[in-house]
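Peer 1: 3D, please:
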Amino acid sequence: MDKTLEFHQLVLPKTTVESLSAREKKRLLMLMSMIRDMDLYRKMLIYGGKQKTGCEKLDEAVLVTMIFSISKILISKIYEIWEFLESEKIREETSGFSNALLERWNEIEAFFSEEKNKQLFCFIRNKFGFHFDHYQEIEAYIEKAMKEVGDLEFWMGNDSSGNDIFSSSNTVMLVVLRNKMTELGFVGTEEELIGQLQSLPIQISHSINEFCKGYLTEVLLNGKSFEQKLTVAITAPLLTEVTLPLIVKNDLQKSE
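Peer 2: From the prediction side, this is the model:
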């Protein structure tokens, strides 16, 4: 299979950048960052899902650690993006959108119009994604989850490679989130609810990416001229070939 990718270097001249208002410059920077974050964390979910250590029991612990850690960051980023779009009052501009751009906006708005989606993403952002929550509110959720989980499991490495896996911490947090989802009105078996924690951010992050790219070209940079400079071709690994292992042997330690 051909692994060649072609990249075109486009340059927005300084004079054009300076012609943008302070608000437009802010939006330009934030939207580009949003696109990169959505792409990065979606890819990391794929990379992190290929955990093979040679020990089935350890594989399961590592897989959950990777997937849950990445998912909660992606969900937190998505919630922050929605907060940004709302604060910037993007909704007030929709009458000038093309049909394609409006469709993407409607997908995002419909997702967050479901209060349970908004509240779940906010909960994950505040309690686990961007904070190590210290408020009393979370204690009752953790207490209930720990009673259900019972024994707590630890996998401790014998070197300083950062291989320690506190698998039960993920189990407890997933039980907390399952209970919160039920409280918010999500329905399904335990497996189905946990599955929604994976599918929801993947679904909405795609809509966000497409909207951000469309808004950049159709609204923010509409009519702006780019200078095309270099065109380069590189060889890249196939998406299905890339892995992101959690457990590694440290070979960077200085010899004593």
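Peer 1: Give the rounded mean pLDDT of the longest helix along the chain.
Peer 2: Criterion DSSP state H: the longest helix present in the chain is helix 56-87. For helix 56-87, mean pLDDT is 93.
Peer 1: Give the rounded mean pLDDT of the host helix or strand of Val17.
Peer 2: Assigned by DSSP states H and E, Val17 belongs to helix 14-19. Average pLDDT, helix 14-19: 94.
Peer 1: then that helix to CSV, C-alphas only?
Peer 2: Extracted in CSV, the C-alpha atoms of helix 14-19 (Å, rounded to 0.1, in the frame of the first residue of the first chain):
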residue,chain,number,x,y,z
LYS,A,14,2.1,39.2,7.9
THR,A,15,0.3,42.1,6.3
THR,A,16,-2.9,40.0,6.1
VAL,A,17,-2.5,38.8,9.6
GLU,A,18,-2.2,42.3,10.9
SER,A,19,-5.4,43.3,9.0
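Peer 1: Please, where are all the helices along the stretch 101-250 of the chain?
Peer 2: Under the criterion DSSP state H, counting those that start in this stretch, helices of the stretch 101-250 of the chain are mapped to 115-124, 137-149, 167-184, 190-215.
Peer 1: outside of the shortest one, which residues touch it?
Peer 2: I take that to be helix 115-124. When contacts are defined by CB atoms under 8 Å, 6 or more residues apart in numbering, helix 115-124 is touched by residues 72, 75-76, 78-79, 82, 111-112, 177, 180-181, 184-186, 200. Glycine gets a C-beta too; all of them are placed from N, C-alpha and C.
Peer 1: of all the helices of the stretch 101-250 of the chain, which lies closest to Lys26?
Peer 2: Lys26 lies closest to helix 190-215 among these, at 13.4 Å (CB to CB).
Peer 1: how far out from the middle of the chain is that closest one?
Peer 2: Helix 190-215 sits 9 Å away from the centroid of its parent chain (CA atoms, centre = their mean, to the nearest Å).
Peer 1: on contacts alone, who are the packing partners of it?
Peer 2: Secondary-structure packing of helix 190-215 (3 or more CB pairs under 8 Å, 6 or more residues apart in numbering; DSSP states H and E): helix 22-48, helix 56-87, helix 99-113, helix 167-184.
Peer 1: Which positions in the second one come out as buried?
Peer 2: Of the residues in helix 56-87, those scored as buried under the neighbour-count criterion (16 or more other CB atoms under 10 Å) are 58, 61-82, 85.
Peer 1: Would you agree Lys72 is in contact with Gly129?
Peer 2: Yes: using CB atoms under 8 Å, Lys72 is in contact with Gly129, at 4.4 Å.
Peer 1: sorry, back to before: the helices of the stretch 101-250 of the chain: which one's closest to Val242?
Peer 2: Using CB to CB, the helices of the stretch 101-250 of the chain put helix 190-215 closest to Val242, at 17.0 Å.
Peer 1: Next, the angle from that closest one to helix 99-113.
Peer 2: Counting by axes from the mean of the first three to the mean of the last three CA atoms, to 10 degrees, helix 190-215 lies at 140 degrees to helix 99-113.
Peer 1: can the helices and strands packed on helix 190-215 go into TSV with extra columns for distance to Gln9?
Peer 2: Shown next, in TSV, are these (distance: least, CB to CB, whole Å):
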stretch	distance to Gln9
helix 22-48	15
helix 56-87	27
helix 99-113	26
helix 167-184	42
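Peer 1: so which helix or strand takes in Leu5?
Peer 2: Assigned by DSSP H and E, Leu5 falls within strand 4-11.
Peer 1: And for Val242, the neighbour number?
Peer 2: Residues lying near Val242 (other CB atoms under 10 Å) number 13.
Peer 1: do Arg104 as well
Peer 2: There are 21 residues near Arg104, going by other CB under 10 Å.
Peer 1: how close does the most centrally placed residue in the chain sit to Phe186?
Peer 2: Central residue of the chain (CA atoms, centre = their mean): Leu74, 1.8 Å from the mean position. Here Leu74 is placed at a distance of 18 Å from Phe186 (CB to CB, to the nearest Å).
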